[in-house]
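>>> Build me a structure from this.
(chains A, B, C and D)
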4 protein chains.
Amino acid sequence: MIYIRTSFIRLHTLLQSANAAITSKSRLSLRNVRTMSSANRLDLSGVMPPIATPFDKDENIRYDLLEENINKWNKIPFRGYVVQGSSGEYMYLSKEERVEIVKRVRNAVPSDKLIVAGSGCESTRDTIEMTQRMADAGADAVLVVTPCFYKGGMTAEALTNHYTKVADASPVPVILYSVPANTGIDLPVEVAAKMCSHPNVIGMKESGGDVSKIGLMVHKTKGEDFQILAGSGGFFIQAMTVGAVGGICAVANVLGGELCHLHQLFKDGKMEKAVELQHRIIAPNAAVTRKFGIPGLKTAMDWFGYYGGPTRSPLVPLAQGQLDAMMKDFVENGFDPKK
Amino acid sequence: MIYIRTSFIRLHTLLQSANAAITSKSRLSLRNVRTMSSANRLDLSGVMPPIATPFDKDENIRYDLLEENINKWNKIPFRGYVVQGSSGEYMYLSKEERVEIVKRVRNAVPSDKLIVAGSGCESTRDTIEMTQRMADAGADAVLVVTPCFYKGGMTAEALTNHYTKVADASPVPVILYSVPANTGIDLPVEVAAKMCSHPNVIGMKESGGDVSKIGLMVHKTKGEDFQILAGSGGFFIQAMTVGAVGGICAVANVLGGELCHLHQLFKDGKMEKAVELQHRIIAPNAAVTRKFGIPGLKTAMDWFGYYGGPTRSPLVPLAQGQLDAMMKDFVENGFDPKK
Amino acid sequence: MIYIRTSFIRLHTLLQSANAAITSKSRLSLRNVRTMSSANRLDLSGVMPPIATPFDKDENIRYDLLEENINKWNKIPFRGYVVQGSSGEYMYLSKEERVEIVKRVRNAVPSDKLIVAGSGCESTRDTIEMTQRMADAGADAVLVVTPCFYKGGMTAEALTNHYTKVADASPVPVILYSVPANTGIDLPVEVAAKMCSHPNVIGMKESGGDVSKIGLMVHKTKGEDFQILAGSGGFFIQAMTVGAVGGICAVANVLGGELCHLHQLFKDGKMEKAVELQHRIIAPNAAVTRKFGIPGLKTAMDWFGYYGGPTRSPLVPLAQGQLDAMMKDFVENGFDPKK
Amino acid sequence: MIYIRTSFIRLHTLLQSANAAITSKSRLSLRNVRTMSSANRLDLSGVMPPIATPFDKDENIRYDLLEENINKWNKIPFRGYVVQGSSGEYMYLSKEERVEIVKRVRNAVPSDKLIVAGSGCESTRDTIEMTQRMADAGADAVLVVTPCFYKGGMTAEALTNHYTKVADASPVPVILYSVPANTGIDLPVEVAAKMCSHPNVIGMKESGGDVSKIGLMVHKTKGEDFQILAGSGGFFIQAMTVGAVGGICAVANVLGGELCHLHQLFKDGKMEKAVELQHRIIAPNAAVTRKFGIPGLKTAMDWFGYYGGPTRSPLVPLAQGQLDAMMKDFVENGFDPKK
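The predicted model follows:
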């Protein structure tokens, strides 16, 4: 399998030098040709939850409860699943755990749903290794967060260096990922505009909330297969309006059906209803991300019929006042877990 | 004195176009009538440029060139003008100049166009004084920026204290104004949610670019006469999508017709064309705000047939490299000043 | 023009009180004599409180209580007074009030104590005007804060432009002032290194707390009459260690004697005692600045026998919990107002 | 070995409840009793370079060149070595590499020099595992950086949770580590004040540059064995002045002798010379940290007779303009690599 992929990459390189246009970015020929629209592209349109990783009270992974969650999620018309976005506590997982989770999810999910695996690490070499292992584990694409520890060094040049090397080496398509609230790094538009023409880069998850930037990136990457995904449920239709094709939203772990409904309403042009629903989702979305973080997300999952459970340390459980505030954020917007 | 002002306001109101909200939220009520019919509201829908203040090379105000600019702008279907938003260098004007400019603009503008005057100062007392003087000078409403010098002290409580006192004392409706790029203060949603029920507060200009916040504010102020305006041309239709009623956009000083066209396309539901135009406006908008500031804005005005001229010191003119970059931001998006 | 200004400066110098006029870098030198003997320099060594402005409950200035405060402070071996540093709520004062306060303080203070007046405004022209009026009112030097509203435009070039024009025009020596917690602008070392050779610039107040920067500025301005003052009581001896000559510290409004004692201990090389005292001052200093702001400072003044009184709006009084926390910050460090 | 250590920890716990004073924080009985002053404490006084990790052009570790560097450094009176501080690119190393490097350094360094190993990871469990492995590899103490990815979740409570668990489990003393320029997290004084009484926490490296905070921490941890280290050569003597006992400074990789000389001058009370040297070190220190990062540090090492070599990707080499600027930062301060 690895051999085949490697060969493909060599082949790809040859084809590229001949005629870049011939090859498909998503190289789906290797992947049972999932959902291709025209010319082999991997279509990211729709909603994907960046799934939480379930632990028991000793912080061990509960794969059984992960599968239970997935069985419930499988009934929702998600486009697929993001395994190890920021909501997946991937920074707290060992390499082996990261890969194993992807395998388990792949097995639990129908083949028409995408598995996008977060393979970002701080170094380029670790990212490449993780990318390859996740492709082997069944990921259809990888989501690669900006490295961030040496903030002063993460210039446009360094980020382009990173993404180019990762995309060159990756057996599956690469999705850029900017999440400044966690990383302190806002992936510059110029890096997206440069990377979009790489045959193995197919899009970007933008969690920063600057929809002016989202519009500009859609504009600057026109004509390329570069699909932009809203990285939050708080600005889903605002981003869709200027050309995003979908969203990877933490709140979809909890309100997945509602997010898919929102996407459908938008596609159907039922804007009044879409706006009304979007409005109601903003506060719950903020609750499970910015305001109360992963502990908030997992608690809300518990409330709404999924297994959330504890986080790994150093994260700590919510205090009672936070629980009350979060409940209000849901109930006041018509999402009452008791109903 | 108050009586005279009230009379003036009545007169001014009468002179306004018959159909557009015969009176305003506060003007009619004059603090007594708390519940108003929709017929009475001051409609902020549409595009308003926050006009630049023209200086000569000795930094003196050129009122004649201000009028020339306005005569040109009057041909564009703006909803009105914002006099002394951030683009107006109001921080560099004396109190007397601030008031005089409002008078001149009022005289140069047809009565069916709104004059919204920026009356914000650091202290509440100065803001109240400036508000009253600007109402006397003919402003239909005032735009009140968050005070910002004592950042640690600008809590939700302090801001609510400020806006309540100003709105209580103002003869004309008050519009809140959040512009964190300049002030370092992001007016909290809770303050907007509290102030929206004040009979003399009719809306807010949000320049921060967080359209999730804009959506949430529209949601939390439903049922009140609280109109939200996009504070930038970079996220105009994204904000409109979730309920903003228009925009106060620096780039409208330069591309006013295009901004009004964008608004019209959105209203007409011609979303494809709207998105295409929105995309092209983002870079020019960034050029005249975040990237090159007031010197950039004024230079672009010079390019596009208006008088921009120099800024007041300490701002300095653009360097050649900046001029070239800014030209590219316009030309590449189809706005070529030489054509 | 320069000649006229020079003449004016000479005149102004003569008109000033006989003894004060002899010294000062610029007054005597008038831009010709670059190297000055130590006899001629305006010596800023020591402690100066940036005095608070007393208001009554209607927010009017209580000049009588200002004088009472000063009479008490005059018994402390301060080097002088800073009138309208950030602690003086100068942003909330009218131009007339700003000048009047300087006059009153000048009259209430012995001639051997310096009066340093904060004359900074957003525009260069306003700063020049205010500088001249404050010199006329009796200020020995002016403290000029970085303009800050157009943050993106406050480049090293713009700041150098500002300070050069102000220093050229000022009848009295100019002290640069960087206070990023309020302004969001950290005056770059390169600007200080450039301005230090201006004959009318004699120093800088650094409130940012980066003592690496303070050391570098002392280093880069060696050989010039450029005196650096710690802008906070929290890093007084740390700054003195690398070459600062004194401090302008808000906490000196409350614990003036202790600050002067700290300065003396340092000068006498009694480092153990100096460190012990410095340690005890850090928390009270933070309380009246970063933690509780001007409302905290004024409350502490009330506690320790001065008139603090209310602030101007929009600042609001401390809540009970804040009062308790602040009391602890003083008492735990051996500063008990009840003793 | 692990068994013994675990037992010791249990014993220690028993002893503690009886009489905290009997036990030594540093538990050096386990470690050949290195350099104990009174009562077994691990004395951190002095200078330690956070050593760079040498790679070849293929990004593989060059252990031979690491040893060559160490042989040169061993001639400098360092207190010891920090292996895998931020300058060690530890985020780019595998777990195995991290441990192996510690072993190699331990073997290359005389037993009277401390080995402090950076064992911080994002999760508490990974940090505990790494801590134990590094103790096994010969580390005398561990340096534990604040976790940082989930910034919103890194409250004082979460950090206290993290450090308590790590210190409870660690076979060697723990040193807290705050480096906000990389992490975006400023370890709060209250956490240091709480952790200082833990018998297995012996100090903190503070790289944030706020010497007011350093003074306050010294003050709040008095009476405990809690030694504070300046995390930068830019504020070494400023921090020493208020009670820091030494420094872990990236620039000591390059100018190690000078840093030790600075420490000695300070201890000998030769303050004038100390200040003069401190001044000259600030700019080179900034060059190899804030300004040019690890690529700058390694280049400077190459200049001054050590092996610096390339970094791992995504970091990129300096451009020519940066090289020139960095050379100036050294040469202008009397550190000319050609001499």
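
>>> Enumerate the residues of chain A near chain B.
A:209-212, A:215-216, A:218-219, A:232, A:234-235, A:237-239, A:241-243, A:271, A:275, A:278-280, A:282-283, A:285-286 (C-beta under 8 Å from any C-beta of the partner chain). (C-beta placed from N, C-alpha, C; glycine too.)

>>> can you tell me the helix or strand for the closest residue to chain C within the stretch 201-339 of chain A?
At 15.0 Å from chain C, residue A:321 is the closest residue in the stretch 201-339 of chain A, using C-beta to the nearest C-beta. Assigned by DSSP states H and E, residue A:321 falls within helix A:320-331.

>>> which helices and strands does that helix pack with?
Applying 3 or more C-beta pairs under 8 Å, 6 or more residues apart in numbering or on different chains; DSSP states H and E, one finds that helix A:320-331 makes contact with helix A:271-286, helix A:293-303.

>>> Give me the residues contacting the first one.
Judged by C-beta atoms under 8 Å, 6 or more residues apart in numbering or on different chains, the contacts made with helix A:271-286 from elsewhere in the structure are A:232-234, A:236-238, A:249-251, A:254-255, A:258-259, A:261-262, A:265-266, A:300, A:329-330, A:332-335, B:212, B:215-216, B:218-219, B:241-243.

>>> thought residue A:329 was touching residue A:287?
Yes: assessed by C-beta atoms under 8 Å, residue A:329 is found in contact with residue A:287 at 4.2 Å.

>>> where along the stretch 51-200 of chain A do the helices fall?
A:63-73, A:95-108, A:124-136, A:156-169, A:180-183, A:189-195 (DSSP state H, counting those that start in this stretch).

>>> So which of those is the most surrounded?
helix A:124-136 (a mean of 22; mean count of other C-beta atoms under 10 Å in any protein chain shown).

>>> by how many degrees do that one and helix A:95-108 diverge?
30 degrees (axes from the mean of the first three to the mean of the last three C-alpha atoms, to 10 degrees).

>>> Return the distance of helix A:124-136 from the chain's centre.
16 Å (C-alpha atoms, centre = their mean, to the nearest Å).

>>> how about it as CSV, C-alpha atoms only?
Below are the C-alpha coordinates for helix A:124-136, written out as CSV (Å, rounded to 0.1, in the frame of the first residue of the first chain):
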residue,chain,number,x,y,z
THR,A,124,7.7,19.6,9.2
ARG,A,125,9.3,16.2,9.5
ASP,A,126,6.8,15.1,12.2
THR,A,127,4.0,16.5,10.2
ILE,A,128,5.0,14.5,7.2
GLU,A,129,5.3,11.4,9.2
MET,A,130,2.0,11.8,10.8
THR,A,131,0.4,12.7,7.5
GLN,A,132,1.6,9.5,5.9
ARG,A,133,0.5,7.4,8.9
MET,A,134,-2.9,8.9,8.8
ALA,A,135,-3.3,8.3,5.1
ASP,A,136,-2.4,4.7,5.8
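
>>> so what pLDDT did residue A:31 get?
With respect to pLDDT, residue A:31 scores 39.

>>> er, residue A:10 I mean
36.

>>> I'm done for today, thanks for sticking with me.
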